[in-house]
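> can you look at this prediction? I've put the sequence above it.
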Amino acid sequence: MSQSADTPASDTPPSLETMYGFNADIGFRLTEWTDGYAKMELDLTEKHLNRSGILHGGVLATMIDAVGGYCGVWVPEGADKKRALTLSLTTSYLGQAKDGTIVAYGKRRGGGKSVFFATCEVYNPEGVLIAMGEGTYKIRQSRGASG
């Protein structure tokens, strides 16, 4: 049974923004978020593993996509929210994880008012780089506090 985005587990640190939909089902937590930068964490469970018992590549690709999108749409408190729509994504797999918490970092590398480019890295609990990627995203402006 998947966890609701509105009811984080008591032993799970809070996220800077409530995750919704697929990101919530996977269990991502946004733990740092500033202009041009985002950090996301995921506590691995059996549902994240492939049939060989290691982290599924699709989870890594999704995490790269999500952290890449977040790093380019930060706004100060009270400003209209921005959302990111993925235009392209590349992913390279370099290592493995089986348990513990993986951490992803996204950095905005360039772009303008409507499109930006980000690079992302994912590390296993031992601090070993296990995946990296690049994405191009379109910015979608939301109106109002609820976004």
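Thanks, I have it.

> mind listing the helices for the chain?
21-26, 57-71 (DSSP state H).

> okay, the ones you listed, which one's buried deepest?
Mean neighbours per residue, mean count of other CB atoms under 10 Å, is largest over the helices of the chain for helix 57-71, with a mean of 23. Yep, even glycine has a C-beta here, placed from its N, CA and C like the rest.

> got any ranges where the protein has weak pLDDT?
1-15, 143-147 (pLDDT under 70).

> strands of that one, start to end?
With DSSP state E, the ranges of strands along the chain come out as 29-34, 37-43, 82-93, 101-111, 115-123, 129-141.

> ok so, going back, any chance of the helices of the chain in JSON lines, with distance to Ala84 too?
As requested, these are arranged in JSON lines below (distance: least, CB to CB, whole Å):
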{"stretch": "helix 21-26", "distance to Ala84": "12"}
{"stretch": "helix 57-71", "distance to Ala84": "3"}
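
> which stretch among these comes nearest Thr101?
Relative to Thr101, the nearest member of the helices of the chain by CB to CB is helix 57-71, separated by 11.9 Å.

> pull the CA atoms of that closest one into CSV?
The C-alpha atoms that make up helix 57-71 are tabulated as CSV, following Å, rounded to 0.1, in the frame of the first residue of the first chain:
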residue,chain,number,x,y,z
GLY,A,57,16.8,1.9,-13.3
GLY,A,58,13.3,3.5,-13.8
VAL,A,59,13.3,4.8,-10.3
LEU,A,60,16.7,6.4,-10.9
ALA,A,61,15.6,8.0,-14.2
THR,A,62,12.4,9.3,-12.5
MET,A,63,14.5,10.7,-9.6
ILE,A,64,16.8,12.4,-12.0
ASP,A,65,13.8,13.9,-13.9
ALA,A,66,12.2,15.1,-10.8
VAL,A,67,15.2,16.7,-9.1
GLY,A,68,16.2,18.3,-12.5
GLY,A,69,12.8,19.8,-12.8
TYR,A,70,12.7,21.2,-9.2
CYS,A,71,16.1,22.8,-9.5
